[in-house]
Each structure stands twice: as structure tokens, then as C-alpha cells.
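Enquirer: can't give you the sequence, but here's the structure:
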């Protein structure tokens, strides 16, 4: 295929409430970045460039969750100028760690951190992008896997479905030949209910998965909680485990609610 | 030209969401606002009631660029609360992974965020067309830093292998030795970067700063030390809150940490270099001297040279640490959870990052305080902007605006470290 430089697809990267780690993953593609920018026009990516090309954009990557009324409006503008919109990371996909406010009174949170809470403009809940606009694809992870990110960009540039498995971390763990940390060492692990994508990183480092990729497709969280209880995990710790970086993802939220004292 | 307003609605090439507003009337600066509109995420609030052992992974999410600073700040604070001392090999690995974070974060800033300012490009991507070798060198240096992070920590962003008392799994000595060739190359590349950075055009802008950094008796401080300044501050980190406070000032857009006694101060590469120059390696010192810097640098634009010197130092230090590493039999030491208050403070790439936690006898967090480097530099950034605009008022608007952005970028502000940052609706009154 002959390169048509003037018709390179336009890529935009948008930030909402987040730590910047997922968009940094794009810059962390040290070996691929220049090849990528030869194929796509980085049209809007304020963290990396002060150039700003007008939309519409062929592909928008959205990092972060919606936590302010201003951002709740801004995401609609982003959707309007985006042919495809892909969320990257746990914040954009499930509300992120900042969704822990959703279980509490945000006013109390504000007054814990700020001396003058009346200056703070914030919504009572931190919500996923898909709660506000149509999302073409959600890429999981806290942070995302940069190779999965390249796959998703590639897929959208070629009008095909991204090849991102929705099975559990257990599958990756078996493939790596890891000993099961839960069976062999009695270490509580969220791997059986967490979506793959990290290459079973935590079990490979002899620790239990802490669920940073969020729930897999149709997870059996109840069965896993029973296993954890057999290992002596308290209800309080079960709630903590489900309420972390994907606390407001439906499957984790419901399971955490079941164990709340 | 008696009236002028410089506005940048969305600062590019900084981590996070910020803006700039400067008002000039009758050739005098009337107002400077370095605005932060990063939405607050309330880390200190939701840390309450979490387990002490969760603090490192949770606070890592404050910043995707410098997660080690947050993880280690939290880990050290908990170990401090429990009266726990870790053995030398654990300490070594922590310093090593921190060298990786310095290399990764500094290289990102030098080559991808800061260099385009000096060379007149919008981005490193645009710059790569004319300076392919420079950008490739930056990417490789960054990759080597990231490789240290992923080898020890499991991954570059939000590593998973650090915990209170040590690690989950120790790397073998031979795994670490696999980094040696790359790090040797990195020393050369960083040396060349120092030389290159010294040739950049710098505005004449010497400022009289109070520099604050950690200082350690035997090493260029990264993970521990006491807090010192060039104006006589010398305190243990546990006294941080006695000497520093965070103000929520009505005319500013963010909490600003200041010294109670003297107001604004500067943290980060300039402060470390000026206070701890003697503890750099001979090669890093020589590179600094060849670049015309020999101990005190008061021009924040030259921070790009100093970051390059610190990349050289971090690469050399990483090589030294790898050569002396001997893994223990256990990755984590035993400890007893007890009620108490603990402090942690490390040198994040952008400057000191302070943590304090109070935990109960079960290890549940009762309260948390975190002071990230950018909230400490914020007041200094505004002071720099004030001085800079005052002095360079005659520059054409576009150029002045670009240079004001650069004044902010000099600090490599990480606005996402937003535990404290907030949006302010009211405008200030003069």
C-alpha cells in the first residue's frame, strides 16, 4: 500500500481525572513511537505536543474518569469530533481509584483534604466514560498494557476488531507455567475473576492479583469470595480487595456490596 | 505597549492539566496565575480506613510518571511507624529502581517535553524529522530507565513488586547484570547529552532561590536523608510539617506548600545539584564542570543540563549498585504491625515528595498527608513568571507567551500529582 502522507489518520489523546500513566504508555512505546507517528498524524496530544490540529479525529484515546460537571460536558464535545472513541485504562473504563468516593459522602472527602472545601467543584461520583457517551472500545488496565494499546490503534486504523482477550488472568498464568499462588501458597488472588492483559504479572512475582484490569467477562465472584473466606480473609478485606482500581465496575461493586458489614 | 494579557488555556508538554494567566498594565505585571484545573481525586480521604499495606499501590496511582516516589514514600513511612529497618540489599534495590525512575522521567522531560522549546518545535515527534539521532538517543535512555523499573518492579507504570518490608520477589544478580551493557551505553549517551544541553540558548535569568533537598552523609540523596536548604534549614523529615505548610490561598488555583519562616522555595534537580554537588560521581562532576556548572546554578532554564547530569549520575550509580548486589534468601523481612505515626520522604525526579500516615494497632490508616513536589514548586513558578515577564516585557507577544510556558516547563511540573490541586472559581482581587 502506497503511503498517502496527506491523508494520514488523525489521532487524538484526551485526559480527564487520571494519573497520566495510560497516555504515558504511548510514549513508553520507545521502539514503536516513530514508526507509529509515520503512519498516523498525532493531531491532538497536549502531554507530548503543543501543536493542535482541528478535528474531526479518526481515533480518540480517552484517559481518565468524569468527576466534574465541566468534564461531563467536555466528553460530549470529544465524542462529537471523534470517529472512533476508545477509552484507555481503569479510570476511563470504570471510574478508577477515585471512584472510591462513590461509596462515601464526597463532601466529607472534600473537607478531609481541603481547608476551604467551598472552593472545590466536584461531582459526587467518579464515573466511566461509557456512562456519558457511546464508546467504541474499552481497553482495560491500571495501567494499560502498551502492546495492547498498539493492537487497538492498529485494529481501528484497519477497520477490524481489536484482538484483546476477555478471559481471566488464570489463562495467562497457566500459559506462563506459573504455580498457582492461591492453590500452592494460600495467597488470595483475584486472578480467577480479573481480565487478562498483564501477562499474569503479580502471580509471576509471587503475589496475588489485585484486579487492576477489572472484571473479566462473566466472572464468578461469589465462588472466588468463598475460596478467599476459606483462606481466612475477613469480610472487611474482601470489600477492600474488590474496591480498588476498578471499584465501580459492576461485578466488583456488587460483590463488594455483598460483603459490606 | 501598556496593556497586555498573556493567556495559555491548556499548557502542553506538561503532565496534567494546567493553564497560565498573566496580566500586565502600564508595563507592570499585575497578576500571575499558574492555574491547575486537574480535578481533585481525594487520595488522602480514601486512604483512611485502608490497610497500611495497600498504601504503596494506591498512592502509586497519584502519578503515572513517578510511581516509585509515591510507593517508596508510603513504604518508608509505614516502616518508620513500625520501627522497621530493612537490610542493605533491600535498600540497594530500592535505590536502584529509583535510578531507573530518574532516568525514565528525566529523559522524557529532557528530550520529549523540554528540548522542543529550545529547538523550536511543537513536539519531539516533529523534532525527530530534523534531529533523528537526538530523539532516538532520548528514547533509548528512557527505555533503559524503564527497563530497570520493569525488571525490578514488574512493569514501568505502577510497578507491582514493592512492599512494606521489601519485595515480593527478588531479582537474581545475573538478571541485574543483563542491564550492564545498556547502562554503560547510557553513561556515554548522558555525557553527550550534557554537552549538547550546554550549547542551548539560555535566557539571562539568575534567581535568588531557597533550595530544599534531602541530604545524606554518604551519598547523593535519593531515597533518604535529612532536609536541608541553602538558608540554614536542617531538619529530620519527621519535622516537615513543623517547618512547611500548605496554604489554600484565595488568589491561587492550588494548595501551595511554603516554608513557614520564609515562604516559597525550590525543590528538584536544581536544589539537589546545588546542595549535594560534592556527592556526584567524578564523571558527573567533570561533565557538569565542562558544561560550565560547578556547584551553584540559579538559572532554572538550565535545569535541562542538570537533568542530563542526573541521568549520567543515575546510570553510573545503577552500575555501581548492580556490581555490589547480593540477593538475600528472603525477599521481605519480618515485622510487627503497631500503632504509630510514620514519615517518608524521597527525591522524586521533580523534588521531595513527603508522606505521613497515622495507623492503628491493626495497621488501618487513620489519616494521611502527602505533599507532592509540584505543589511545593508552584509558588516558585509563579514568582519566576512574575520576574520573567517583568524583565522581558518587550518581547513580541508570541515569543513572550512561549517563554512563559517554558518558565513553567523548567520545573517539569507534574500536575497529575493532584492530591492537593484544585480548581478555584473566584478570581483574585488586587
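Expert: Right, received. Where do you want to start? No experiment lies behind these values; they were computed from the predicted model shown. Numbering: from 1, shown residues only, chains lettered A, B, ... in the order given.

Enquirer: which SS class is residue A:60?
Expert: Three-state call for residue A:60 (DSSP: H, G, I helix; E, B strand; the rest coil): strand.

Enquirer: that one pairs with what?
Expert: residue A:12, residue A:85 (DSSP bridges).

Enquirer: tally up the residues packed near it, please.
Expert: Residue neighbour count, defined by other Cβ atoms under 10 Å in any protein chain shown, stands at 25 for residue A:60. Bear in mind the C-beta positions are built from the backbone N, C-alpha and C, glycine included.

Enquirer: can you check residue A:213 too?
Expert: Neighbours of residue A:213 under the rule other Cβ under 10 Å: 30.

Enquirer: for residue B:33, what is the enclosing helix or strand?
Expert: Residue B:33 belongs to strand B:28-36 when assigned by DSSP states H and E.

Enquirer: quick one: mean pLDDT for that strand?
Expert: The average of the pLDDT scores along strand B:28-36 is 83.

Enquirer: which strands or helices does that strand pack on?
Expert: When contacts are defined as 3 or more Cβ pairs under 8 Å, 6 or more residues apart in numbering or on different chains; DSSP states H and E, strand B:28-36 packs onto strand B:18-25, helix B:373-391.

Enquirer: okay, these, which one's buried deepest?
Expert: Sort the helices and strands packed on strand B:28-36 by mean neighbour count, taking mean count of other Cβ atoms under 10 Å in any protein chain shown, and helix B:373-391 sits at the top with a mean of 23.

Enquirer: angle of it against strand B:28-36?
Expert: Inter-element angle recorded for helix B:373-391 and strand B:28-36: 160 degrees (by axes from the mean of the first three to the mean of the last three Cα atoms, to 10 degrees).

Enquirer: and the contacts of the very next helix or strand once past helix B:373-391?
Expert: Downstream of helix B:373-391, the next assigned helix or strand under DSSP H and E is helix B:397-409. Residues outside helix B:397-409 that contact it (Cβ atoms under 8 Å, 6 or more residues apart in numbering or on different chains): A:50, B:4, B:6-8, B:11-14, B:18, B:20, B:22, B:34, B:113-114, B:117, B:203, B:300-301, B:381, B:384-385, B:388-389, B:392-393, B:395.

Enquirer: and stretch A:193-202, by the same measure?
Expert: By Cβ under 8 Å, 6+ apart, stretch A:193-202 touches A:140-141, A:144-145, A:148, A:164-173, A:175-176, A:178, A:189, A:191, A:208-217, A:219-221, A:224, A:251, B:154-155, B:160, B:168.

Enquirer: how about the strand holding residue B:33: buried residues?
Expert: B:29, B:31-36 (16 or more other Cβ atoms under 10 Å in any protein chain shown).

Enquirer: tell me the strands beside that strand, with direction?
Expert: When DSSP bridges is applied, strand B:28-36 pairs with strand B:18-25 (antiparallel).

Enquirer: check the burial of the nearest residue to residue A:209 once chain neighbours are set aside by counting its neighbours.
Expert: Excluding the flanking residues, the one nearest residue A:209 by Cβ to Cβ, 6 or more residues apart in numbering or on different chains is residue A:191, at 4.0 Å. Residues lying near residue A:191 (other Cβ under 10 Å) number 28.

Enquirer: out of the contacts of stretch A:193-202, list just those in helices.
Expert: A:148, A:169-173, A:175-176, A:221, A:224, A:251 (DSSP state H).

Enquirer: tell me the most packed of those residues, by neighbour count.
Expert: Counting by other Cβ under 10 Å, top hit in these: residue A:169 with 27 neighbours.

Enquirer: and the residue of the stretch 51-200 of chain B nearest chain A?
Expert: residue B:64 (2.1 Å; Cβ to the nearest Cβ).

Enquirer: return the residues in contact with that residue.
Expert: Each residue near residue B:64 by Cβ under 8 Å, 6+ apart is listed here: A:18-22, A:24, A:143, B:157-158, B:416.

Enquirer: which one of these sits in the busiest neighbourhood?
Expert: Highest count within the contacts of residue B:64 by other Cβ under 10 Å belongs to residue A:19, 35 neighbours.

Enquirer: run through chain A and note the low-pLDDT ranges.
Expert: Regions of chain A meeting the criterion pLDDT under 70 cover residues A:1-6, A:119.

Enquirer: which stretches in it count as strands?
Expert: All strands of chain A, identified by DSSP state E, fall at A:10-15, A:41-44, A:57-63, A:82-88, A:137-139.

Enquirer: and the strands in the stretch 201-350 of chain B, which stretches?
Expert: B:212-215, B:226-229, B:234-235, B:244-247, B:256-259, B:340-348 (DSSP state E, counting those that start in this stretch).

Enquirer: now mean neighbour count, mean pLDDT and distance to chain A too, for these, in a markdown table please.
Expert: Formatted as a markdown table, the strands of the stretch 201-350 of chain B follow (neighbours: other Cβ atoms under 10 Å in any protein chain shown; pLDDT from 0 to 100; distance: least, Cβ to the nearest Cβ, whole Å):
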| stretch | mean neighbour count | mean pLDDT | distance to chain A |
| --- | --- | --- | --- |
| strand B:212-215 | 23 | 98 | 23 |
| strand B:226-229 | 20 | 98 | 23 |
| strand B:234-235 | 12 | 98 | 23 |
| strand B:244-247 | 17 | 90 | 8 |
| strand B:256-259 | 21 | 90 | 12 |
| strand B:340-348 | 24 | 98 | 14 |
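
Enquirer: need the contact list for the closest residue to chain B within chain A.
Expert: Nearest to chain B, among the residues of chain A, is residue A:21, at 2.1 Å (Cβ to the nearest Cβ). Shown in contact with residue A:21 (Cβ under 8 Å, 6+ apart): A:89, A:142-143, B:61, B:63-65, B:67, B:157-158.

Enquirer: helices of the stretch 51-200 of chain B, start to end?
Expert: B:55-60, B:67-81, B:88-107, B:115-119, B:124-130, B:132-153, B:173-177, B:180-198 (DSSP state H, counting those that start in this stretch).

Enquirer: tell me the most buried of these?
Expert: Sorting the helices of the stretch 51-200 of chain B by mean neighbours (by mean count of other Cβ under 10 Å), the first place falls to helix B:67-81, with a mean of 28.

Enquirer: many thanks, we can stop here.
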